[in-house]
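1. Dropping a prediction and its sequence here:
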Amino acid sequence: MAEAFSPAIFENIVSHMSEGVIFLDAEDMIRICNPAAERIRGVRADRILGKPIFSIHPAAMHPRIRSLIDDLKERRFSVIHRIIQVKERFFDNSYSAILDHAGNYVGTLLISRDITETKLLTEENLQLKHSLTDSGPEGPLVVQSKGIKQVLETVQAVASIDSTVLVTGESGTGKERVVEMIHSLSPRRQRALVRVNCAALPENLVESELFGHQRGAFTGAVEPQRGKFVQADGGVLFLDEIGELPMASQAKLLRAIQSRAIQPLGSSKEVMVNVRIVAATNRDLARAVEAGTFREDLYYRLNVITIDVPPLRERPEDILPLAEFFVQHHAQQMNKPVPTLSPDLRALLTRHPYPGNVRQLKHALERAVALTRTGVLRPEDLPPDMCDKRLGNCPDFFRTDIPLKDALGHFEREFIVRMLENNEGQKGKTAEAMGISRKNLWEKMQRYGVDGA
């Protein structure tokens, strides 16, 4: 017959438990306090054993503790849970009524379990869920496809560290949403996420925008200005379209990233900044380095961790969920009933190659919701560049049943696409060839969902 366990064995088990254990007798006196409970509560067992539980709590907490223990004694509850915070750690405290063989109350067992990691993970998941469902300029990041799930896994892995991240992918794929998630899940989430669109900055004002300037630093500088680096101090600086940054400004950006110090134009003093750099581009920066249009040292400084967002055509599972979301969103914005998608439209949407990716889909469905009069969206409600010639619903420039604005828009989009192809995707050269500013070209590309990679 097996030998009965001795009380010493149970004492040894309790003393080695990672959970904090405190036992109160029927008179609320502390009779057991294991080493884990000492660490959690910052007390020594030899100084509290034999004393009432109230002696280790502030007077303001005594009524709540008394009520809790009375609930256990009166059998209103057999177990009560409370979440407490001790410094920067969180604990799940369970209070259990201990009864003898006759069912009489003999004491209270308090066990403290460290749930800090679980709580932080729950908070991160909630923030991630909010970030995914929140609709930004490129829409929500629908998570159905394997490619996007891999992107999210990487985001969660890198959000908590301070390494520089380069987000790549075609225009309109959702790169900005990825950057927003990195910020919202990072320790810097309480500070600013400052965006800089490098493609939209006039070349002569790039350094002023990034580093700031003093009054009188150049013609037109009538007031001092804080640069984006200073605005992002303590937070995240998002350098969008980094591949469009002029070569003359790349060296100064590299120095600022390396030294974490900037010098405003017109100032002789450097300003230290604490920022995390996240950049995004739709260009192949490695090819740009080979072509001599992007600095190799800046490329390697930015390319510490790369997250590549796949184009919409490579994740067809996301198309219809995105379409349903956009239709509902636009209908609510326009105060209209939510239309349904016809089978022909669904088939067209899943076949389309989406050169403008998610942004193109969003704008196309905005137009469709605005124009529909039947409550059912059909292929002919989409812009001309979304049509399918095989279905016979593709208007050309010379049909009389489409507005002039649509025909002109279709031509302008195709013209921009071809000019970008002729200039190998370089927006500066394309804008010059078209006789417009780089900023104007970028705005047109955004309007038509054109990818400039």
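-> The structure has been received and is ready for your questions. This one's a predicted model, so the numbers in the text were calculated from it and none came from an experiment.
2. Tell me which stretches of the stretch 201-350 of the chain form strands.
-> 212-213, 225-226, 236-240, 261-262, 271-272, 276-281, 305-308, 340-341 (DSSP state E, counting those that start in this stretch).
3. just checking, what packs against the last one?
-> It stands for strand 340-341. helix 319-333, strand 376-377 (3 or more CB pairs under 8 Å, 6 or more residues apart in numbering; DSSP states H and E). Where you see a C-beta, it was placed from the backbone N, CA and C, and this is true even at glycine.
4. Run the chain-centre distance for that strand.
-> When C-alpha coordinates are averaged (CA atoms, centre = their mean, to the nearest Å), strand 340-341 and its chain have centres 30 Å apart.
5. who does it pair up with?
-> Taking DSSP bridges as the criterion, strand 340-341 sits next to strand 376-377 (parallel) in its sheet.
6. Which SSE is immediately downstream of the partner strand?
-> helix 404-422 (DSSP states H and E).
7. export that following helix as PDB, just CAs?
-> Below are the C-alpha coordinates for helix 404-422, written out as PDB (Å, rounded to 0.1, in the frame of the first residue of the first chain):
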ATOM      1  CA  LEU A 404     -17.300  63.000 -72.400                       C
ATOM      2  CA  LYS A 405     -15.700  63.100 -68.900                       C
ATOM      3  CA  ASP A 406     -15.400  59.300 -68.800                       C
ATOM      4  CA  ALA A 407     -13.900  59.100 -72.400                       C
ATOM      5  CA  LEU A 408     -11.400  61.800 -71.600                       C
ATOM      6  CA  GLY A 409     -10.500  60.200 -68.300                       C
ATOM      7  CA  HIS A 410     -10.000  56.800 -70.000                       C
ATOM      8  CA  PHE A 411      -7.600  58.400 -72.500                       C
ATOM      9  CA  GLU A 412      -5.700  60.400 -69.800                       C
ATOM     10  CA  ARG A 413      -5.100  57.300 -67.800                       C
ATOM     11  CA  GLU A 414      -3.800  55.300 -70.700                       C
ATOM     12  CA  PHE A 415      -1.600  58.200 -71.800                       C
ATOM     13  CA  ILE A 416      -0.100  58.400 -68.300                       C
ATOM     14  CA  VAL A 417       0.500  54.600 -68.200                       C
ATOM     15  CA  ARG A 418       2.300  54.700 -71.500                       C
ATOM     16  CA  MET A 419       4.400  57.700 -70.600                       C
ATOM     17  CA  LEU A 420       5.500  56.000 -67.400                       C
ATOM     18  CA  GLU A 421       6.500  52.900 -69.300                       C
ATOM     19  CA  ASN A 422       8.500  55.000 -71.700                       C
END
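8. which residues make contact with that helix from outside it?
-> With contact meaning CB atoms under 8 Å, 6 or more residues apart in numbering, helix 404-422 is reached by 355, 383-385, 395, 397, 427, 430, 433-434, 441, 444-445, 448, 450, 452.
9. Next secondary structure element downstream of that helix?
-> Criterion used, DSSP H and E; the element after helix 404-422 is helix 427-434.
10. What is that next one packed up against?
-> Applying 3+ CB pairs under 8 Å, 6+ apart, one finds that helix 427-434 makes contact with helix 404-422, helix 438-448.
11. got the domain boundaries for this protein?
-> Residue ranges for the domains of the chain, per automatic domain parsing: 15-114, 119-310, 313-448.
12. would TSV of the ones you listed with mean pLDDT, mean neighbour count and distance to Ser6 be doable?
-> Conversion of the domains of the chain to TSV gives the following (pLDDT from 0 to 100; neighbours: other CB atoms under 10 Å; distance: least, CB to CB, whole Å):
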stretch	mean pLDDT	mean neighbour count	distance to Ser6
domain 15-114	87	15	14
domain 119-310	84	18	38
domain 313-448	80	17	62
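13. still on that earlier bit, now that we have the helices and strands packed on strand 340-341, can you turn them into CSV and tack on distance to Ser96?
-> Below are the helices and strands packed on strand 340-341 laid out as CSV (distance: least, CB to CB, whole Å):
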stretch, distance to Ser96
helix 319-333, 46
strand 376-377, 59
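14. Ok, which of those comes nearest Leu245?
-> helix 319-333 (30.7 Å; CB to CB).
15. residues in contact with that closest one?
-> With CB under 8 Å, 6+ apart as the criterion, helix 319-333 contacts 135, 139-140, 142, 144, 312, 337-339, 341, 346, 349-350, 354, 358, 361-362, 365-366, 368-370, 377.
16. so how far is that helix from its chain's centroid?
-> Distance of helix 319-333 from the chain centroid (CA atoms, centre = their mean) equals 21 Å.
17. Also stretch 329-338?
-> In terms of CA atoms, centre = their mean, the centre of stretch 329-338 is found 26 Å from the chain centre.
18. Would you mind writing the CA trace of that stretch as CSV?
-> Output of stretch 329-338 as CSV, limited to C-alpha atoms (Å, rounded to 0.1, in the frame of the first residue of the first chain):
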residue,chain,number,x,y,z
HIS,A,329,-19.1,52.0,-47.1
HIS,A,330,-19.8,54.2,-50.2
ALA,A,331,-23.6,53.7,-49.8
GLN,A,332,-23.5,54.8,-46.2
GLN,A,333,-21.4,57.9,-47.1
MET,A,334,-23.9,58.8,-49.9
ASN,A,335,-26.9,58.0,-47.7
LYS,A,336,-28.2,55.5,-50.2
PRO,A,337,-29.5,51.9,-49.8
VAL,A,338,-26.7,49.4,-50.1
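19. Now for the residue positioned nearest the centre of the chain, which secondary structure element holds it?
-> The residue lying closest to the centre of the chain (CA atoms, centre = their mean) is Met181, at 0.5 Å. Per DSSP H and E, Met181 falls inside helix 175-184.
20. what does stretch 439-453 contact?
-> Contacts of stretch 439-453 from elsewhere in the structure, counted by CB under 8 Å, 6+ apart, are 170-172, 197, 199-202, 241, 282-284, 355-357, 359-360, 363, 385, 409, 412-413, 416-417, 420, 425, 427, 430-431, 434, 436.
21. just stretch 93-105 next, same as before
-> The set of residues external to stretch 93-105 that reach it, using CB under 8 Å, 6+ apart, is 23, 26, 68-69, 72-73, 75, 77-84, 106-113.
22. Keep only those of those residues that are in strands.
-> Judged by DSSP state E, those include 23, 79-84, 106-113 as members of strands.
23. For Lys73, list the residues it contacts.
-> By CB under 8 Å, 6+ apart, the neighbours of Lys73 are Ala97, Tyr105.
24. let's go with 6 Å and repeat that
-> Going by CB atoms under 6 Å, 6 or more residues apart in numbering, Lys73 touches Tyr105.
25. returning to that earlier point: take the strands of the stretch 201-350 of the chain and write them to a markdown table, including distance to Arg44.
-> Listed next are the strands of the stretch 201-350 of the chain as a markdown table, based on distance: least, CB to CB, whole Å:
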| stretch | distance to Arg44 |
| --- | --- |
| strand 212-213 | 55 |
| strand 225-226 | 52 |
| strand 236-240 | 44 |
| strand 261-262 | 48 |
| strand 271-272 | 44 |
| strand 276-281 | 42 |
| strand 305-308 | 46 |
| strand 340-341 | 69 |
